[in-house]
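Q: Build me a model from this:
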Amino acid sequence: MRNLLIIFGLALLTNSLYGQTGSEFQFALVTDTHIGSATSAEDLRRTVADINASDSLAFAIFSGDITEFGSDAEFHLAKQILDSLTKPWYIVPGNHDTKWSESGGNSFRIIFGAETFSFRHGSFLFIGTNSGPNMRMGPGQIPRENIVWLDSLLAADPDKNTPIIFVNHYPLDPGLNNWFEAIDRLKGRNIQLSLCGHGHSNRIMDFEGIPGLMARSNLRAGEATGGYNIMRVSGDTILTASVRRPALKTNAPWATVRLTNHKFSDSDADYPRPDFSVNNLHPDVTEVWRTEEKSDIGSGAALVRKIIITAGTDGLIKAQKLRNGKPKWQYRTGSKIYGTPAAAGDRIIVSATDGTVYALSISSGRLMWKFDAGQRIVASPVINGDQAIITGSGGKCYSLSLTDGSIKWTYETAVGFVETTPLIYKNMILFGTWENRFYALDTKTGVTRWVWSDGYSNRMLSPAACFPVAVDNRIFFVAPDRKMTCLDALSGKTIWQAKIGDHSVRESMGLSADSTLVWAKTMEGNIIGVSADGSPADVRWNADTNIGYDIAPAVIVEHEGVVYVPTDKGFIYAFSRDDGKLIWAHRISACLVNQITPVAPNSIVCTSMDGVITRLTYNPGE
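A: All right, here's what the predicted structure looks like:
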């Protein structure tokens, strides 16, 4: 491997060993603090005090999973503890800070100032980016806006020989859907080392020839104290990693890395990249048009009057013409958006993560009214008659007048935040929360009809991310407990809750066009149709394929005899409703596909988490 030397050993190597001269400095690498878990605050306070007491540490890096659940309270507590540091510190979020966050990670950016960092120390440029997954339970992903930021950062430094140390919570491997986007950019520069957390253990790694180190969690993990890593750079050529037990001792180095310019080139080993060859197997599928935004898109598209409305994590709400994708208008908000826009008449309703609800004119994009919900919002708004119903992250639900945004009713006692698109059924609004509950509220008054609880103590098993469906007074949803639940719509009582035969199911589901089947994606990679009026063992439809392991919440939708299935790695599958046979497959991205919007027979619009918006059309025989 090109001049790459990773040496195991206990002894520190000195500058003279390599005949080099240069700077020497040490810094702390702290990761996976998980503020909100049992001993996390005490463990972090002990580490901060230890870093402050060290004269040799120049700065500290915190490489993600700062909190357990990404709540505002956890972010504020972490910031309060870190503010007592007397040395410079730099921070990026991890999957726990974004996936389960009541603000979709927007509060991280506000409270800590950014979700990326770059700084120079000695001759080195340190760069840190977010890792995702951003809200949806897919693989990690460096946000599209972070990739755009990285491009700008590198373009601003014409010196390609500047040594770089890169930091991300995830390893730079396929655990990040777009790992290659970062690696390809870094290999064009003098990348010397990549640091990460996520695995809660010290590991020496290799990312396509780039030396990598994974660091242990700061949590004590059953021991008397937690710990972090001290990284010592000697002579600009050697880095050693040693575990530090706060106030106790520094262990001998567990890894030593040679810092050098690897001079990567196009002639290097051919490493795997996402495979788009499936598109060649189905040439009858065409991308009628395609746009690529400069930010993530974590929501679906709304179709109204031949206009497609989307919203991104850059806060932009955009309208495009269905026919050719050409822009019609855009409106800029002040925060990330993860809710799918809802349309009625000439109104488009969009809820942003800072709690602002916007009503815009579909024809012009002009602001008609806005409403401050006083809480974070990551759920999608829903429209019911003349009301827009908003479910938030602070326990409140609002019914707002579509005309002027005035409040029709308020519900204030929901426990846990809402992530889904709520369901309107039988004059009820139905939704789950990230506190193991499922609510039914009266759409006219906001009065509680019933509240169901799954009985679990682990909130990460909540029925909060899926999109529930209902038929014949039965409500269906799936959750991370890997079961499908069927409730009586009128009473909220459990009719059944179980695995589907031999299948475990998780969060991706839908309802057939004739309302006889509940679609579900299994943990094994199958798509099944469960009888809406039978038992959990009554599987009446199977897709003739296996899409692989994929637990991302998404809506499986049927339109004109075709069942469309989005996936977490950019694939879209179309199956025959009659016999489950694959009609076509197409890959639009390497990242998660959001909800699919049918716009005509054999034609859909879809968005992906890395900012792709495209219209696909299937023209058999052409």
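
Q: Need the nearest residue in space to residue 517, chain neighbours excluded.
A: Using CB to CB, 6 or more residues apart in numbering and skipping the chain neighbours, the partner closest in space to residue 517 is residue 529 (3.6 Å). C-betas here are computed from N, CA, C, even on glycine.

Q: That neighbour: which element?
A: Here residue 529 sits within strand 527-531, counting by DSSP states H and E.

Q: What of residue 242?
A: Going by DSSP H and E, residue 242 is part of strand 238-245.

Q: Quick one: mean pLDDT over that strand.
A: Across strand 238-245, the average pLDDT comes to 98.

Q: CA-only coordinates of it in CSV, if you can.
A: Output in CSV follows, covering the C-alpha atoms of strand 238-245 (Å, rounded to 0.1, in the frame of the first residue of the first chain):
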residue,chain,number,x,y,z
ILE,A,238,4.0,11.0,13.3
LEU,A,239,0.7,10.9,15.1
THR,A,240,0.2,8.7,18.2
ALA,A,241,-3.2,7.9,19.9
SER,A,242,-3.4,7.2,23.6
VAL,A,243,-6.4,6.7,25.8
ARG,A,244,-6.6,9.2,28.7
ARG,A,245,-8.5,8.2,31.9
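
Q: looking at the chain, which helix or strand is least sure?
A: In the chain, the helix or strand scored least confidently by mean pLDDT, DSSP states H and E is strand 6-7, which has a mean of 36.

Q: Which SSE is immediately downstream of it?
A: Using DSSP H and E, the first helix or strand after strand 6-7 is strand 24-30.

Q: so the residue nearest to residue 517 makes contact with residue 514?
A: No - the pair residue 529 and residue 514 fails to qualify as a contact (CB atoms under 8 Å) at a distance of 10.9 Å.

Q: Of these two, give the one with the bigger neighbour count.
A: residue 529 (24 against 10; other CB atoms under 10 Å).

Q: Tell me which residues touch that one, please.
A: Listed by CB atoms under 8 Å, 6 or more residues apart in numbering, the contact set of residue 529 reads 512, 517, 518, 519, 520, 539, 540, 541, 542.

Q: where along the stretch 151-300 of the chain do the strands fall?
A: For the stretch 151-300 of the chain, applying DSSP state E, counting those that start in this stretch gives strands covering 163-168, 190-196, 203-207, 210-214, 228-234, 238-245, 249-250, 255-258, 285-292.

Q: Pairing partners for the third one, with directions?
A: Strand 203-207 has its sheet partners listed here by DSSP bridges as strand 210-214 (antiparallel).

Q: List the contacts of the strand it pairs with.
A: With CB under 8 Å, 6+ apart as the test, strand 210-214 has contacts from 4, 6, 166, 171-172, 183, 186-187, 191-199, 201-206, 241, 255, 257-258, 262.

Q: I'd like to check the angle between it and strand 228-234, please.
A: 150 degrees (axes from the mean of the first three to the mean of the last three CA atoms, to 10 degrees).

Q: any idea of the mean pLDDT for strand 210-214?
A: pLDDT averaged over strand 210-214 gives 98.

Q: Can you point out the buried residues in it?
A: 210, 211, 212, 213, 214 (16 or more other CB atoms under 10 Å).

Q: Go through these and name the one nearest residue 618.
A: Nearest to residue 618 among the buried residues of strand 210-214, counting by CB to CB, is residue 210 at 40.8 Å.

Q: Could you check how far that closest one is from residue 113?
A: As for residue 210, its distance to residue 113 is 28 Å (criterion: CB to CB, to the nearest Å).

Q: Give me the mean pLDDT for the strand holding residue 529.
A: For strand 527-531, the mean confidence score works out to 95.

Q: Identify the bridge partners of the residue nearest to residue 517.
A: Listed beta-bridge partners, residue 529: residue 519, residue 541 (assigned using DSSP bridges).

Q: Buried members of the contacts of strand 210-214 into ChimeraX, please.
A: Of the contacts of strand 210-214, the buried ones can be selected in ChimeraX as follows, counting by 16+ other CB under 10 Å:
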select :166,171,172,183,186,187,191,192,193,194,195,196,197,198,199,202,204,205,241,255,257,258,262
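
Q: Can you list the strands that the strand holding residue 242 pairs with?
A: With DSSP bridges as the test, strand 238-245 is paired with strand 228-234 (antiparallel), strand 249-250 (antiparallel), strand 255-258 (antiparallel).

Q: Which residues does the second one contact?
A: With CB under 8 Å, 6+ apart as the contact definition, strand 249-250 has outside contacts at 230, 242, 243, 244.

Q: Mind splitting the chain into its structural domains?
A: Listed by automatic domain parsing, the domain ranges of the chain are 6-258, 300-379+381-419.

Q: Compare the mean pLDDT across the ones you listed and name the weakest.
A: Mean pLDDT per stretch puts domain 6-258 lowest among those, at a mean of 92.

Q: Show me what counts as buried in the strand or helix carrying residue 359.
A: In this assignment (DSSP H and E), residue 359 forms part of strand 356-361. Buried residues in strand 356-361, counted by 16+ other CB under 10 Å: 356, 357, 358, 359, 360, 361.
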